[in-house]
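J.: Need a 3D model of the sequence below.
(one chain, ligands or ions: 1)
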Amino acid sequence: MSTESCDVLVVGSGAAGLTAALTAAEHGASVVMLTKGHAPDSSSWHAQGGIAGAIGDDDTADLHAIDTERAGRELCRASAVRVLVEEGPERVRELIALGVPFDPELNLEGGHSRRRVSSVEGAHTGWAITSLLSRRAAGTEGIATREATAVRGLIVDGGRCLGVLTPDGPLLARATILAMGGAAALWSRSTNPAGQIGDAVAIAAAAGAAIADMEFMQFHPTVLEGSRLLLTEALRGDGATLIDEKGERFVDELAPRDEVSRAIVRRGRVFLDLRTIDRDRFPGLMAEIEKSGFDPAVVPIPVSPAAHYTIGGIVTDLVGRTDIDGLYAAGECAATGVHGANRLASNSLLECLVFGRRAALAAVSEPPFPTSFGEIPAAPPERVATDELRSQVWLQAGVIRDPAELAVLATSPDPVAAMVARFAIARAESRGVHYRTDAPVANPVFEGHFVMRPGRGLILEQWT
Ligand SMILES: Cc1cc2nc3c(=O)[nH]c(=O)nc-3n(C[C@H](O)[C@H](O)[C@H](O)COP(=O)(O)OP(=O)(O)OC[C@H]3O[C@@H](n4cnc5c(N)ncnc54)[C@H](O)[C@@H]3O)c2cc1C
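T.: Model (predicted):
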């Protein structure tokens, strides 16, 4: 067993990890980027609709902030939203300069008051961005990438994170950035790659970091029935309609995702009618739908909601710092408070670029590695999400939640499943993506973020 070291260790090779690794290397750091599987195993690789950013002539950062906060239902952390919308346009322009082949027209997506979503071939945005950044990382001398290396724990000594534990041995670093994505694959209906089960939250909580907002799982309303294939909002922006078994429309297709998801669950079996959509705008997606056995030009496609985006995660400040010295988090695994109680479509790739860069800039300034430290423990066993656990999470913490079901889930031996239930029990109201049958409206008493710290119950905090 070997012990390696570097300046900045990045865990995860999605948009947040790649951005952090490239930024840290640009600033002279030696970087190791670890990833559980391979490049296509990140959510970033599969992101479709696009990346938001106020770059249109009729758009401003203020308008983007208003839309983000409206979606977030009184819970967005205003300072994080300012950072996102003000730095966002520059990050998108950098991607354009790097050669991401964005479509000439900006897209309109649900909850946005302007056309501000940049996409590639309608639905290949994540792949286009991630593959380009991966190629750059591979060509950068200061970055060593290690795939198929699952991180199972953190090394924390005297309150400072010194690196991570893997089955191949410990890896030491001056600063560690977790960019490990979300937990949506813990639900049996999910758009995420199977490995996205919330490992970041599990290992950070075990090491004593604060966790927040885990009751907020965003469900994507239109996922092809029986698959992980997401039918992007951009299709609805272009005029696709949702119809029930009688062929009747029943919801405003561009309403926020939580409203559309609940309307679908209540309606039963529903279909996305793509017959009016220009196929040339979404060539890859149309081909995938056809591969699944449907001709979108002829029949409406059966869809239902699936767990999609984890709003909660490891509590960070605006430069990705967690409660543990030397430990940073960025992207979907972090809880900056930027999304409030509901993420606005296409704000998450932007979050990865904006906060991944900020975390790296702070991480490169960490003090030198300590000259002495305690014994390094062995890596804990691998955390596994069985099909049974995933079905339980779907049934007991799904789109519409019942407190008695949540109470059962709260006793799960899986730390993340139990955490989701505990947070969802504490929030005895309905707000954004979190909906409780016994408390179907928002209650001003809960205007805040539930935070879990070691040895303490859940505490409601106000974030500014
Ligand atoms: C189908 C789909 C479509 C989407 N469409 C859009 C969109 O159009 N616009 C938008 O803004 N957002 C979209 N999203 C959301 C967005 O893609 C994600 O929020 C974002 O890409 C998350 O990036 P990330 O870098 O934080 O995490 P990810 O891209 O998920 O990367 C996580 C990385 O961590 C690694 N990892 C996980 N656990 C471990 C471990 N234990 N050890 C080591 N490595 C580990 C993974 O292998 C992976 O490399 C979509 C998501 C999906 C699934």
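J.: Could you pull up the residues touching the one residue in the stretch 201-350 of the chain that gets nearest to the ligand?
T.: Taking CB to the nearest ligand atom, the ligand has its nearest neighbour within the stretch 201-350 of the chain at Gly331, 2.4 Å off. In this view, the C-beta of every residue, glycine as well, is placed from N, C-alpha and C. Residues in contact with Gly331 (CB atoms under 8 Å, 6 or more residues apart in numbering) are 12, 14-17, 179, 181, 348, 351-352, 355-356.
J.: which ones among the residues you listed are found in helices?
T.: 15-17, 348, 351-352, 355-356 (DSSP state H).
J.: near the ligand, which of those residues show up?
T.: Restricting these to those near the ligand by CB under 6 Å from any ligand atom leaves 15-17, 348, 352.
J.: domains for this structure, by residue range?
T.: 4-216+308-363, 218-307, 387-449 (automatic domain parsing).
J.: quick one: average pLDDT of the longest one?
T.: This points to domain 4-216+308-363. If you average the pLDDT over domain 4-216+308-363, you get 96.
J.: Any chance of JSON lines for the ones next to the ligand among the ones in helices among the contacts of Gly331, columns neighbour count?
T.: Formatted as JSON lines, these follow (neighbours: other CB atoms under 10 Å):
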{"residue": "Ala15", "neighbour count": "30"}
{"residue": "Ala16", "neighbour count": "35"}
{"residue": "Gly17", "neighbour count": "32"}
{"residue": "Ser348", "neighbour count": "26"}
{"residue": "Cys352", "neighbour count": "32"}
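J.: sorry, back to before: so which of the domains of the chain has the densest surroundings on average?
T.: domain 4-216+308-363 (a mean of 23; mean count of other CB atoms under 10 Å).
J.: Contact partners for the closest residue to the ligand within the stretch 1-150 of the chain?
T.: Of all residues in the stretch 1-150 of the chain, Gly14 sits closest to the ligand, at 2.0 Å by CB to the nearest ligand atom. Counting by CB under 8 Å, 6+ apart, Gly14 makes contact with 42-45, 130, 179, 181, 331-332, 352.
J.: now swap in Asp213 and tell me
T.: 311-313, 335, 337, 423, 449-450.
J.: 10 Å instead?
T.: 75, 310-313, 315, 335-337, 339-341, 423, 427, 432, 434, 449-452, 463 (CB atoms under 10 Å, 6 or more residues apart in numbering).
J.: any idea which helix is longest in the chain?
T.: Scanning the chain for the helix with the most residues, using DSSP H, yields helix 78-98.
J.: which non-adjacent residue is nearest the residue of the stretch 201-350 of the chain closest to the ligand?
T.: For Gly331, ignoring the flanking residues on the chain, the nearest one in space by CB to CB, 6 or more residues apart in numbering is Ala16 at 2.6 Å.
J.: from what I can see that neighbour touches Thr336, true?
T.: No - applying CB atoms under 10 Å as the test, Ala16 and Thr336 come out as separate, 11.5 Å apart.
J.: intersection of neighbour lists for those two?
T.: Shared contacts of Ala16 and Thr336, counting by CB under 10 Å, 6+ apart, come down to 320, 329-330, 351, 354-355.
J.: Compile the domains of the chain into CSV and extend it with columns for distance to Leu458.
T.: Listed next are those as CSV, based on distance: least, CB to CB, whole Å:
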stretch, distance to Leu458
domain 4-216+308-363, 9
domain 218-307, 20
domain 387-449, 5
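J.: and of the ones you listed, who's closest to Pro377?
T.: Evaluated over the domains of the chain, closeness to Pro377 peaks at domain 4-216+308-363, with 6.9 Å, by CB to CB.
J.: Pull up the distance across the closest one, start to finish.
T.: 18 Å (CA to CA, to the nearest Å).
J.: re earlier: how much space separates the residue of the stretch 201-350 of the chain closest to the ligand from Ala345?
T.: Going from Gly331 to Ala345 by CB to CB, to the nearest Å gives 16 Å.
J.: before we move on, what about Ser118?
T.: Distance of Ser118 to Ala345, computed by CB to CB: 13 Å.
J.: Check Ile314 too.
T.: Going from Ile314 to Ala345 by CB to CB gives 23 Å.
J.: before we move on, what about His220?
T.: Note on His220: its distance to Ala345, by CB to CB, is 9 Å.
J.: Common neighbours of the two, please.
T.: In contact with both His220 and Ala345: 232-233, 257, 309, using CB under 10 Å, 6+ apart.
J.: ok, those residues vs Ala287, which is closest?
T.: Closest approach between the shared contacts of His220 and Ala345 and Ala287, by CB to CB: Thr232, at 14.1 Å.
J.: How much space separates the closest one from Ala54?
T.: Thr232 is 20 Å from Ala54, by CB to CB.
J.: ok, the shared contacts of Ala16 and Thr336 vs Gly126, which is closest?
T.: Checking the shared contacts of Ala16 and Thr336 against Gly126 by CB to CB gives Glu351 as the nearest, at 13.3 Å.
J.: ok, the closest one to Arg401 distance?
T.: Applying CB to CB to Glu351 and Arg401 gives a distance of 25 Å.
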